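>>> Let's see this in three dimensions:
(2 chains)
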Amino acid sequence: MFHLIEQKLRQHFAAFLSSAYSNDAAIVVEQPKQSSFGEFALPVAFSLARQLRKAPRAIAEELASKIPAIEGVAALEAAGNGYLNVRLDRGHYASLLLHAAASSQAQAPGKVIVEHTNINPNKAAHIGHLRNSVLGDTFVRMLRASGRQVEVQNYIDNTGVQVADVVVGFHYLEKKSPADVAALISQPRFDYYCWDLYARTSQYYGSHPEAVQWRRDTLHSIEHGEGEIAELAHMVADAIVECHLNTMLRLGIVYDVLPRESEILHLKFWAKAFDQLKERQAIYFVEDGKNKGCWVMAAAHFRDAVTGDEGDDDAKVIVRSNGTVTYVGKDIAYQMWKFGLLGLDFHYKPLRAYPNGHQAWVATDEACDLPAPAFGRGSEVYNVIDSRQSYLQDVVVAGLRALNYEQQADRSIHFSYEMVALSPRTCVELGIPLSEEDKKRPYVEVSGRKGLGVKADDLIDKLIEKAKAEVDSRHPGKAEDERTRVATQIAIGSLRYFLLKFTRNTVIAFDLQEALSFEGETGPYVQYAAVRARNILRKLAERGETLPDFSTLTPEVLRRQLAAEDFWQLLLAASKSGAALDSALSAGEPSHMARYAFQLAQAFNAFYHDYPILAEENPEKRTFLLWLAVYFKEQLDHTLEHTLGIPVPDYM
RNA sequence: GGGCCCGUAGCUCAGUUGGAUAGAGCGUCUGGCUUCGAACCAGCAGGUCGGGGGUUCGAGUCCCUCCGGGCCCGCCA
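Below you'll find the predicted structure:
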């Protein structure tokens, strides 16, 4: 509601300034530094000062007296050295909130595609992957909450080097047959097994350089899709994907479609993109020099300043001299498909039906009988990929631009974020050996090749264990499975909030102790506020009472009650979820949404402490306080569950 | 050598896109449970916003420069 009033205010001032001063500058509406100044502050007098050659303060006073009355605004005051502060009519505003019908938001045209997770299917997911998925999933929820149609894609690189390395491990190091591996897959935590095997294989290359030939042979077999090696690769990749989907489902993260690299190749996506790139001369064949025999994209396409003239050496190789295509090449084809620019489509088959009924599909190269939804053909594409790959993302966008797909290039957004590293303290705790140099660093980078990192499932297990101990001590009377469910919800809230509270370009130095904290600015703190609101209503029901009739809360009554600053500030904060969503979306920062939820919880916890609602004896005030609690609960529940993907437990 | 990111309280981080007296959490210290359960609340202490220039009514925010740290720049992905 808050942002609607803000919009109205902006329009009102724009119209007035346009007619009175012929000034058409955009109106800036801020929130005052101190709440005692009112609800909005307009620094408009400062920008008018130059035009009118008058002191800002005098202009602000003039505006305050001359501007026509605005419905719902109680006062307009000049303040400071030229601010114009706006005070809302509290009764009017609250009445709007009380009677607001759940406005069904008009669906914006066009489909947004969000690609996230994209974990190499060769080992267990780790904490860094969780940041990607939680950021992506939350952004998806935010877009949907704002009325956008969104498709969630999880790209599977099932033919790459990383899968090949694990296959090398199984085939050459462990001499395992497909039947042996199938037996392993049926055991729990196959992804953990591969985590170790991948590290072992990488290590083996280090001490046996000649083994790299195994990798080459394996990649070749995978690409041609034949023989035992190719079969192993498929088995491993498919099984690990299942593990990843299970891990993500624990956090409430689901997908619509999983495009795969194998299909990009088999269905000639790349061949078609290659033709277009050649035809439009986005890439060229190199006759000489270090890139001899390759098809490359000139550096000028993806770099601002090119120092050299030709710069073949700076060019990005798209097709190797042996004729195989690089990852970026395939990514260009994939990006084209996302926008419906390729004139080709995958076939699809159902991959899994989620508990909530949602169906995920996976790309295949042969048609199946079941009709799949129309995937791809997006009008906007967000790729959630860590910032270390920004160079490659630039190349992909440059590819679109070089093909004259300017609009699609502009709407290809690298939703980047910094990596998750480990705090030195946590490395020690996990038994990771550190050099003297590393111990002095603020953080240590994780490495899949070395097997260094915190596995996602381990972390989730630890969080559940910790939460369970807390729940057990507080609610010994509740049933075991119920306590486990609540503990799981708390663990999810804790983890999702932890990964969201940092802005995207902050490197997270993951610290186990910090992540396991449930106090202060954490998910459980916010959940606790929602649970407290819930408790009040449950207690009311236990006393045999029902909620009073809120229609007795007339604007006059509301105005009277909201004269109390504490109540007004809580109501105001709770009414800002739409504004918070708008600003979080325009900034592309899920962290803003998380912080809003935290601030709202803070406001409620203070309110809860100071005003025992059920003990209130004045009937009018009691009714009002109950409505306030109900309104707060609705807003926080919605923000947590719908937008942030954080469940609200029944009790804590 | 080129590109991107970071530097704000003891620690970890925000800072509404240039606005009023720079804010949270943790930690330290002090106080508050008669159950709408304290995973909470209240209070104290803590800052030359890395340094130096500049732009203007106004800079943590924009520009230049220097210092310190990180990440990329492969016929890996």
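
>>> correct me, but A:Lys268 touches A:Leu344?
Yes - taking C-beta atoms under 8 Å as the definition, A:Lys268 is a contact partner of A:Leu344 at 7.0 Å. Every C-beta, even on glycine, is put in place using the N, C-alpha and C of the backbone.

>>> Averaged over its residues, which helix or strand of chain A has the lowest pLDDT?
None of the helices or strands of chain A scores lower by mean pLDDT, DSSP states H and E than helix A:436-440, at a mean of 78.

>>> hmm, who's touching that one?
Applying C-beta atoms under 8 Å, 6 or more residues apart in numbering, the contact partners of helix A:436-440 are A:Pro424, A:Cys427, A:Val444.

>>> now, which of those sits nearest RNA strand B?
A:Val444 (8.4 Å; C-beta to the nearest atom of the strand).

>>> pLDDT wise, what is whichever residue of chain A sits closest to RNA strand B at?
Nearest to RNA strand B, among the residues of chain A, is A:Gly520, at 2.3 Å (C-beta to the nearest atom of the strand). In this model, A:Gly520 is scored at 95, pLDDT.

>>> How is it assigned, secondary-structure-wise?
coil (DSSP: H, G, I helix; E, B strand; the rest coil).

>>> Between the two ends of stretch A:108-118, how far is it?
27 Å (C-alpha to C-alpha, to the nearest Å).

>>> meant to ask about stretch A:23-39
First residue to last in stretch A:23-39 (C-alpha to C-alpha) measures 24 Å.

>>> Distance from it to the middle of the chain?
How far stretch A:23-39 lies from its chain's middle: 30 Å, per C-alpha atoms, centre = their mean, to the nearest Å.

>>> which ones are touching the residue of chain A closest to RNA strand B?
Per C-beta under 8 Å, 6+ apart, neighbours of A:Gly520: none.

>>> at 10 Å instead, please
Shown in contact with A:Gly520 (C-beta atoms under 10 Å, 6 or more residues apart in numbering): A:Glu514, A:Phe598.

>>> Same question for the one 3 residues further on.
A:Gly523 makes contacts with A:463, A:489-501, A:594, A:597-598, A:640, A:644, A:646-647, as judged by C-beta under 10 Å, 6+ apart.

>>> ok, now with 8 Å
A:Gly523 touches A:Ile490, A:Ile492, A:Gly493, A:Ser494, A:Leu495, A:Arg496, A:Tyr497, A:Phe498, A:Ile646, counting by C-beta under 8 Å, 6+ apart.

>>> can you check A:Phe415 too?
A:Val114, A:Leu135, A:Gly136, A:Phe139, A:Tyr382, A:Asn383, A:Val384, A:Ile385, A:Arg504, A:Gly588 are the contacts of A:Phe415 under C-beta under 8 Å, 6+ apart.

>>> From those residues, which land in strands?
If you go by DSSP state E, the contacts of A:Phe415 have A:Val114, A:Tyr382, A:Asn383, A:Val384, A:Ile385 in strands.

>>> Can you spell out which residues form a bridge with the last one?
Using DSSP bridges, the beta-bridge partners of A:Ile385 come out as A:Ser416.

>>> For it, grab the count of nearby residues.
22 (other C-beta atoms under 10 Å).

>>> Going along the chain, name the helices of the stretch 151-300 of chain A.
A:161-168, A:178-185, A:190-207, A:212-224, A:227-250, A:261-266, A:269-279 (DSSP state H, counting those that start in this stretch).

>>> I appreciate the help and will end here.
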